[in-house]
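Visitor: predicted structure and sequence below. I'll ask about it afterward.
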Amino acid sequence: MIEKPVQFYSEGLLLQGTLYFPDNYQEGEKLPAIIPNSGYQGVNEFYPRMFAQSMTDKGYICLGFDYRGFADSEGDPARVLLEEQVQDIHNAVTFLQLQEEVDHERIGLIGWGMGGSNVIRVTETNNNVSAVAALNGFYHGERWLKTVHSYEDWMKVLETVEQDRIRRVVEGESKEEEPFLHYPLDPATRDYVEKELADRKGFGGKTRIQFTESILELDADRAAQNLDDIPLFVGHGVENILHPFEEAIALYEQAAEPKQFYRIEGKHNDFMYSEHNEYIALMNELETFFNEALA
């Protein structure tokens, strides 16, 4: 895989990224392209780069980048708002269209985890995206938060969000808290995070409470109803506890055609290793999906 560092602006903030090319890329070629997008607390050097390694082997150019505030991209690292990450992806699509090596009519998106809802929301309104894949995400924020909290804790979440809204009005900014305050990791995911992600640059920093409010406002189910013939791939781990399997089912049932559902025999990220058989099977399914969708 050939890597080329790049940067582009998103609403005035300079974001850092990488263009990934197949090893056998020939000058003058125009290839289909994919933007693999990270989930919560993720950075380009991990999952986006991992997806890029697989997809460049299959003949695609990829663009991976760090959302605003993450790694070396500009922005407040504690300010994590889904709607702003959606803006970043929109701008990444625009940047990709400026690249002469890219076939502008064949651009797809992959969203992992929290990025799954982001890419669906982008595709709803961005006419330059021709196919989208959402993997192991959650798609209706209020529904998901209720699922992973007890009733008592859910009431505390709503109270905390309301108090923070008042704080923003009175004091001017949202309060910083531990990143997983309202994003409870199940044991398997926590073990993976501590082993594979915790030492990544920028991972695990404090996050403002307003992040929870942006989750509450999330409704990718509605966005999926409006994809207007854009092919949608939904992949989800059948044993996923962090983002329950029912999230993917609910999204898929409401999504417009054409659509494809793929059961991943795993949890949230226990299979996310480049040599894992389940990961390889997933990438082969994505190759088939994008080859057909971007044909």
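Guide: Perfect, thanks for sending it. As the structure is a computational prediction, the values presented were derived from the model and not from experiment.

Visitor: where exactly do the helices run in the stretch 101-250 of the chain?
Guide: For the stretch 101-250 of the chain, applying DSSP state H, counting those that start in this stretch gives helices covering 114-125, 141-147, 151-171, 187-192, 210-216, 220-224, 245-254.

Visitor: and among those helices, the most buried is which?
Guide: helix 114-125 (a mean of 26; mean count of other Cβ atoms under 10 Å). C-beta: built from backbone N, CA, C; applies to glycine.

Visitor: average pLDDT for it?
Guide: Helix 114-125 carries an average pLDDT of 98.

Visitor: which strands and helices sit next to that helix?
Guide: Packing partners of helix 114-125 (3 or more Cβ pairs under 8 Å, 6 or more residues apart in numbering; DSSP states H and E): strand 31-37, helix 82-97, strand 102-112, strand 131-135, helix 220-224.

Visitor: what's the angle from the fourth one to strand 31-37?
Guide: Spelled out, that is strand 131-135. On the basis of axes from the mean of the first three to the mean of the last three Cα atoms, to 10 degrees, strand 131-135 is oriented at 30 degrees to strand 31-37.

Visitor: avg pLDDT for strand 131-135?
Guide: 98.

Visitor: which residues does that strand contact?
Guide: Residues outside strand 131-135 that contact it (Cβ atoms under 8 Å, 6 or more residues apart in numbering): 108-113, 116-117, 119-120, 122-123, 220, 227, 230-236, 248, 251, 264, 282, 286, 289-290, 293-294.

Visitor: what strands flank it, and is each parallel or antiparallel?
Guide: strand 102-112 (parallel), strand 232-237 (parallel) (DSSP bridges).

Visitor: any idea how far Pro187 lies from Ile241?
Guide: Distance of Pro187 to Ile241, computed by Cβ to Cβ, to the nearest Å: 8 Å.

Visitor: gap between the two ends of stretch 126-137?
Guide: End-to-end distance for stretch 126-137: 20 Å, by Cα to Cα, to the nearest Å.

Visitor: tell me where the model's unsure across the stretch 51-200 of the chain.
Guide: The stretch 51-200 of the chain contains residues with pLDDT under 70 at 197-200.

Visitor: how about a cut-off of 90?
Guide: Along the stretch 51-200 of the chain, segments meeting pLDDT under 90 span 179-200.

Visitor: tell me the pLDDT at Val238?
Guide: Value listed for Val238 in the pLDDT field: 97.

Visitor: alright, calling it a day.
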